[in-house]
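1. What shape does this take:
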Amino acid sequence: MATVVVAAGILLGTSGCNLFAPQATTIHYDASDGVSGNLGDLAIRNAMLITDDGENANLVVHVVNGGDDDIELLVQYDGAGEKVDKTVTIDANATTEFGIPGGESVAVESLNASAGSLFPVFFQYGDLTGIELLVPVLDGTLPEYSTLVPTPAPVPTVTPTEPAAETPVPTDAATPEATTAP
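-> From the prediction side, this is the model:
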């Protein structure tokens, strides 16, 4: 919709496109494969679950704490028919990254969700009403995610030990003496 106005011999043009159509730059969207949400002073960004077997997953998420206090964040999910609670500390005025190499991890066990599905994860702290995010489940097929797949815990190997064989006790037997050749 355009309007042309002539004022004092000057041609002025105005446009009303922004009047009725929302600007695309003001629409929130997740720029990556993960999902995001806001909870009080926390901005939960790019949350995703990386799995190799559909049972064990690594929660990869960036949490920005815009407040002046450290926050104990509750991460909750359904695992094997019961709620599983994990608490992580989010430092004040900082971004805390979980699930990346060298960082803290939040292991999700008994996931029972294959790559390509959505899995509900609940985030809450203090007396605020928490938020549930439908977190995408991905695998390590893409090179960018291959290092984020959870590594199985090493299975301790038990090697049976045999009792040490008894060492024979030397007796006072005669030893042959060395003879010299004539």
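2. Is G37 in contact with I131, as I believe?
-> Yes. The pair G37 / I131 is scored as a contact, 4.8 Å apart, by C-beta atoms under 8 Å. The C-beta positions use only the backbone N, C-alpha and C, and glycine is treated the same way.
3. Work out for me the element E72 sits within.
-> For E72, the element it lies in under DSSP states H and E is strand 71-79.
4. Show me what counts as buried in that strand.
-> I71, L73, V75, Q76, Y77 (16 or more other C-beta atoms under 10 Å).
5. okay, those residues in a markdown table with distance to Y29 and pLDDT next?
-> Listed next are those as a markdown table, based on distance: C-beta to C-beta, whole Å; pLDDT from 0 to 100:
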| residue | distance to Y29 | pLDDT |
| --- | --- | --- |
| I71 | 26 | 96 |
| L73 | 24 | 96 |
| V75 | 24 | 96 |
| Q76 | 26 | 95 |
| Y77 | 25 | 94 |
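6. For D30, state which of the residues you listed is nearest.
-> V75 (18.6 Å; C-beta to C-beta).
7. Give me the local confidence score for the nearest residue to the closest one once chain neighbours are set aside.
-> Closest residue to V75 apart from its sequence neighbours, by C-beta to C-beta, 6 or more residues apart in numbering: K86 at 4.7 Å. Per-residue pLDDT puts K86 at 94.
8. any weak-confidence spans in the chain?
-> In the predicted model, the chain carries pLDDT under 70 at residues 1-20, 152-182.
9. mind listing the helices for it?
-> Taking DSSP state H, the helices of the chain run over residues 17-20, 143-146.
10. Can I get the last one in PDB? Just the C-alpha atoms.
-> To tie it back to what came earlier, the one meant is helix 143-146. The C-alpha trace of helix 143-146 is given here as PDB (Å, rounded to 0.1, in the frame of the first residue of the first chain):
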ATOM      1  CA  PRO A 143      30.300 -34.300  11.800                       C
ATOM      2  CA  GLU A 144      29.400 -31.400  14.100                       C
ATOM      3  CA  TYR A 145      27.500 -33.700  16.500                       C
ATOM      4  CA  SER A 146      29.800 -36.700  16.300                       C
END
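11. what's that helix in contact with?
-> The contact list for helix 143-146 (C-beta atoms under 8 Å, 6 or more residues apart in numbering) reads I50, L138, D139, G140.
12. you'd agree the second one is up against L49?
-> Put plainly, it is L138. Yes. The pair formed by L138 and L49 meets the contact definition of C-beta under 8 Å, at 7.0 Å.
13. In terms of neighbours, single out the busier of these two.
-> L49 (29 against 22; other C-beta atoms under 10 Å).
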